[in-house]
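Peer 1: fold the following.
(chains A and B)
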2 protein chains.
Amino acid sequence: MKELSNASRRRMLASTGGIVALASLGGVARADTGGADSAAAKAVKSLPDYASWKDADSLIVHSANTIETKRTAFGSSVITPTDRLFVRNNVTPPKDPSMVKEPDSWTVEVSGVAKPRSFTVAELKELGLAAVPMVLQCSGNGRGWFPHKPSGTQWTVGAAGCVIFTGVPVKALLEAVGGMTDGMVYMTSTGGEEIPAGLDPNTVKIERSVPISAIEDAILAWELNGEPLPLAHGGPLRMIVPGYTGVNSIKYIKHLAFTKEQSMAKIQQTSYRWTPVGGKPKPSEDSIWEMPVKSWINYPSDPDQTVKAGKVQISGVAMGGMTAAKTIEVSVNGGKDWQKAEFVGPDLGKYAWREFVFAADLAAGTHELACRATNEAGDTQPEKRLENNRGYINNSWRDHMVAIKVA
Amino acid sequence: MKELSNASRRRMLASTGGIVALASLGGVARADTGGADSAAAKAVKSLPDYASWKDADSLIVHSANTIETKRTAFGSSVITPTDRLFVRNNVTPPKDPSMVKEPDSWTVEVSGVAKPRSFTVAELKELGLAAVPMVLQCSGNGRGWFPHKPSGTQWTVGAAGCVIFTGVPVKALLEAVGGMTDGMVYMTSTGGEEIPAGLDPNTVKIERSVPISAIEDAILAWELNGEPLPLAHGGPLRMIVPGYTGVNSIKYIKHLAFTKEQSMAKIQQTSYRWTPVGGKPKPSEDSIWEMPVKSWINYPSDPDQTVKAGKVQISGVAMGGMTAAKTIEVSVNGGKDWQKAEFVGPDLGKYAWREFVFAADLAAGTHELACRATNEAGDTQPEKRLENNRGYINNSWRDHMVAIKVA
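Peer 2: Numbering: from 1, shown residues only, chains lettered A, B, ... in the order given. Alright, predicted model coming up:
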């Protein structure tokens, strides 16, 4: 949706530098920028062809494969519009135009089941239907606040969105193939990216295994927010594992296997592991799978905007991870005191985030606004991030704090 | 979101004629077309400037002020994407570009309250926050099936969508102005359209009154599906009355009044009344306010598409009107036999619609697919429309039936 005022454009461009400034609140600077100016320069990088239909004013283009939603561009309507949704690809998306031109012809092979076979998307559509509202979030969202400057995109909050994926439940698919072979422990999905000739496929292929418990809510999706799933988000067909970080939801899925072992691909074996800072990743370390409880404030969050003193509706999003967000607290003094905020808008289920609002009375000055969520499992968002080598899964409330000017 | 395959384009263009063909199932023809060819010609009418950002392939442009979503373009993700959402304006939208360029500066006057005053949108944003998922539906949706060919746009199903509006609760606004003056019975909203000089304002102004019971869930909205409310849908600020037909949700609202009488505007006094066929509308007749229970099948609904024999996932949407949709039944033999279908996807509350699915086993041949919803109040969607002069509020399940080729 391209109707944006000049004022919004100006505000959004300005806010890019702002996010960087905010990063220093947590005591860290973004690893890949020299400051606000270089980040502002990044903001005007143009969108890659496969995502050219996105709303550039709402996005920070880090690179052709990493595009972040601006903190000021989330809105307050629970669902993130597709044209504002972040993009993160581990390798360049496939270039075969027939993929999206004839999405119903895309095929996926299914193995590790009683009756292995392949399905076209058209065939999958007659097996069942599910629409799943959920947070899609990159494992590295919040990496920009890790003090040891991990390699990778320096995301703050915008490598996440709450969307509705629609497709066929994996359970319905399993029914159609007579169930899994005995003894399978993982669900392993392989993406349709081209493997350059001469390379060991395991070093480049996008293949991820998740525990088979994930089949309970997983779907093979062909639709995103009511429209055919675009290539930028894994169309024509994507494995969707609700509650897990984005890397586990394999794009352009070509092969779905139920397996006894985890994938031998590098992206499974040594990438996306809970490795200590400075350590060498090992397959024995826990894989990056389930998301934890997390929240952040979206409004006010623009440090270049001066908020009018008086009543201010502080709002943001809270997610529970594998269980629903249950409560959300807000602090207007940097985490010294906390008050309960209210959820507003619809409850889209345990995998979605909730919008929240807290009506504060703010006097002139600078205020440090923070929020922390607690989920149904009783986990509360921690003050400190869990340090790890690649800067995954940052849910520290202090890192996500914003400093606001009020006058 | 502009990424559409050529196949989809072809299918969607083809389906335009199809909707007309389907209309004959209910025993009626569209009033304003000579048949499929003229409707197909309409489909390629271009979008008006204020709606040029919409997805033309998903829409039927009846006129610059009446744009319908194709039945095949709803998707199955509950929320209707903004770029596929219908448009219906009673008069041409205002042309003042500052309206959308500086949305926070738009002002609305509030009267019939203890402390009358005006508010900018920026001020409203600090009074409260609510996100309301709801069906937005034109009073005349389904008019195309009335046999007496009422004047007005010959909508079939596509003058409706399920969206999330975000804004301030009218109740929070009332609190800020010390409440309503005693004895007020209606909430009356006036649009910001320009009134041409020399005309009696009452003959042209867009002003609607609704019972004050509607304040319970009404909001003044500045956001639609997570993005600033576009001019095409009433931005920068729109009165949103959940559960009521679209005409009651006044666009570009300039004045909100709590009143003892209904508006004297023609659009209130004699338009949008329950007038008998051939009758002259009278203010004493009931006004078109609340929506009734309704449902329709979206897939399969393309008569130019041949569905493969075997298992078919019949899907569509069901809304309850003022209470939630409670059950949904499907018939595959023109309404002779009914079976319970299942709701899928999230429950967004009583004003939203639900996606439903029914797994049918269809043999080769033509099948007449119908559905009927029942709401929490116990109302079941009727077989026959309630005849009325202007063709409002058609919720006949027979009219919404589709004939499908299976091979």
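
Peer 1: ok, the closest residue to chain B within the stretch 51-200 of chain A to residue B:224 distance?
Peer 2: The nearest approach of the stretch 51-200 of chain A to chain B comes at residue A:131, 3.1 Å away (C-beta to the nearest C-beta). C-betas here are computed from N, CA, C, even on glycine. Residue A:131 sits 20 Å away from residue B:224, taking C-beta to C-beta, to the nearest Å as the criterion.

Peer 1: SS state for the closest residue to residue A:401 other than its chain neighbours?
Peer 2: Leaving aside its sequence neighbours, residue A:401 sits nearest to residue A:370 (C-beta to C-beta, 6 or more residues apart in numbering or on different chains; 4.3 Å). With DSSP: H, G, I helix; E, B strand; the rest coil as the basis, residue A:370 sits in strand.

Peer 1: what's across from residue A:370 in the sheet?
Peer 2: Note on residue A:370: beta-bridge partners residue A:331, judged by DSSP bridges.

Peer 1: residue A:297 versus that one, what's the distance?
Peer 2: Distance of residue A:370 to residue A:297, given as C-beta to C-beta: 8 Å.

Peer 1: what's the nearest residue to the residue in the stretch 251-400 of chain A that chain B sits nearest to if we skip its chain neighbours?
Peer 2: Nearest to chain B, among the residues of the stretch 251-400 of chain A, is residue A:345, at 3.0 Å (C-beta to the nearest C-beta). Spatial nearest neighbour of residue A:345, excluding adjacent residues (C-beta to C-beta, 6+ apart): residue B:131 at 3.0 Å.

Peer 1: and for residue A:370 and residue A:297, which residues touch both?
Peer 2: A:330, A:400, A:402 (C-beta atoms under 8 Å, 6 or more residues apart in numbering or on different chains).

Peer 1: give me the sheet partners of the helix or strand hosting the residue of the stretch 51-200 of chain A closest to chain B and which way each runs.
Peer 2: Assigned by DSSP states H and E, residue A:131 falls within strand A:130-137. Strand A:130-137 has the following strand partners under DSSP bridges: strand A:160-169 (antiparallel).

Peer 1: tally up the residues packed near the residue lying closest to residue A:145 once chain neighbours are set aside, please.
Peer 2: Leaving aside its chain neighbours, residue A:145 sits nearest to residue A:399 (3.9 Å; criterion: C-beta to C-beta, 6+ apart). For residue A:399, the neighbour count with other C-beta atoms under 10 Å in any protein chain shown is 25.

Peer 1: surely residue A:399 forms part of a strand?
Peer 2: No. Secondary structure of residue A:399 (three-state DSSP): coil, not part of a strand.

Peer 1: that one touches residue A:385, doesn't it?
Peer 2: Yes. Counting by C-beta atoms under 8 Å, residue A:399 does reach residue A:385; the two are 5.9 Å apart.

Peer 1: what touches both of these two?
Peer 2: A:142, A:145.

Peer 1: picking that back up, what's across from the residue nearest to residue A:345 in the sheet?
Peer 2: Residue B:131 has the following beta-bridge partners by DSSP bridges: residue B:166.

Peer 1: number of residues surrounding it?
Peer 2: Number of residues near residue B:131 (other C-beta under 10 Å) recorded here: 25.

Peer 1: just residue A:173 next, same as before
Peer 2: Neighbour count for residue A:173, taken as other C-beta under 10 Å: 23.

Peer 1: look up phi and psi at the residue nearest to residue A:145.
Peer 2: Dihedral pair for residue A:399: phi -60, psi -30, per degrees, to the nearest 10.

Peer 1: which ones are touching residue A:311?
Peer 2: Contact analysis of residue A:311 by C-beta under 8 Å, 6+ apart lists A:359-361, B:126-127.

Peer 1: any idea how far residue B:112 is from it?
Peer 2: Going from residue A:311 to residue B:112 by C-beta to C-beta gives 23 Å.

Peer 1: residue A:199 too?
Peer 2: Per C-beta to C-beta, residue A:199 is found 73 Å from residue B:112.

Peer 1: which of those two has more residues huddled nearby?
Peer 2: residue B:112 (19 against 10).

Peer 1: pLDDT wise, what is the more buried one at?
Peer 2: The model reports residue B:112 with a pLDDT of 98.

Peer 1: now swap in residue A:95 and tell me
Peer 2: Residue A:95 is assigned a predicted lDDT (pLDDT) of 81.

Peer 1: what of the one 5 residues further on?
Peer 2: In the predicted model, residue A:100 carries a pLDDT score of 78.

Peer 1: so it lies in a strand, does it not?
Peer 2: No. Residue A:100 sits outside any strand when classified using three-state DSSP, being helix.

Peer 1: and it, how far from residue A:66?
Peer 2: For residue A:100 relative to residue A:66 (C-beta to C-beta), the value is 21 Å.

Peer 1: ok, now residue A:151?
Peer 2: For residue A:151 relative to residue A:66 (C-beta to C-beta), the value is 12 Å.

Peer 1: so between the two, which is more surrounded?
Peer 2: For residue A:151 and residue A:66, the more surrounded residue by other C-beta under 10 Å is residue A:66, and the numbers stand at 20 against 12.

Peer 1: near the nearest residue to the more buried one once chain neighbours are set aside, how many other residues are there?
Peer 2: Ranked by C-beta to C-beta, 6+ apart and with sequence neighbours excluded, the top spatial neighbour of residue A:66 is residue A:153, at 4.3 Å. Look at residue A:153: counted by other C-beta under 10 Å, it has 23 neighbours.

Peer 1: same question, residue A:328
Peer 2: Neighbourhood size, residue A:328 [other C-beta under 10 Å]: 24.

Peer 1: sec struct for it, please.
Peer 2: Going by three-state DSSP, the state assigned to residue A:328 is strand.

Peer 1: pretty sure the residue of the stretch 51-200 of chain A closest to chain B sits against residue B:78.
Peer 2: Yes. Applying C-beta under 8 Å, one finds residue A:131 in contact with residue B:78, separated by 5.9 Å.

Peer 1: what sits in contact with each of these two?
Peer 2: Contact criterion C-beta under 8 Å, 6+ apart; residues bridging residue A:131 and residue B:78 by contacting each: A:164, B:345-346, B:355.

Peer 1: ok so, going back, check what pLDDT the residue of the stretch 51-200 of chain A closest to chain B gets.
Peer 2: Per-residue pLDDT puts residue A:131 at 98.

Peer 1: so what's it up against?
Peer 2: Residue A:131 touches A:164-166, B:76-78, B:344-346, B:355, counting by C-beta under 8 Å, 6+ apart.

Peer 1: of those residues, select the buried ones using a ChimeraX command.
Peer 2: Buried subset of those, written as a ChimeraX selection, criterion 16 or more other C-beta atoms under 10 Å in any protein chain shown:
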select /A:164,165,166 /B:76,77,78,344,345,346,355
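
Peer 1: now go through the contacts of residue A:131 and say which are in strands.
Peer 2: A:164-166, B:344, B:355 (DSSP state E).

Peer 1: which stretches in the stretch 151-300 of chain A count as strands?
Peer 2: Assigned by DSSP state E, counting those that start in this stretch, the stretch 151-300 of chain A shows strands spanning A:160-169, A:186-191, A:207-211, A:219-224, A:227-228, A:238-240, A:253-259, A:294-299.

Peer 1: from the chain's centroid, how far away is the first one?
Peer 2: Average the C-alpha atoms of strand A:160-169, do the same for its chain, and the two points are 12 Å apart (C-alpha atoms, centre = their mean, to the nearest Å).

Peer 1: and if you look at the last one?
Peer 2: How far strand A:294-299 lies from its chain's middle: 14 Å, per C-alpha atoms, centre = their mean.

Peer 1: with just CA atoms, put that strand into CSV.
Peer 2: In CSV, the C-alpha atoms belonging to strand A:294-299 read as follows (Å, rounded to 0.1, in the frame of the first residue of the first chain):
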residue,chain,number,x,y,z
LYS,A,294,9.6,-11.0,24.1
SER,A,295,8.1,-7.6,23.7
TRP,A,296,9.0,-4.1,22.6
ILE,A,297,7.5,-0.6,22.4
ASN,A,298,6.8,0.8,18.9
TYR,A,299,5.2,4.1,19.9
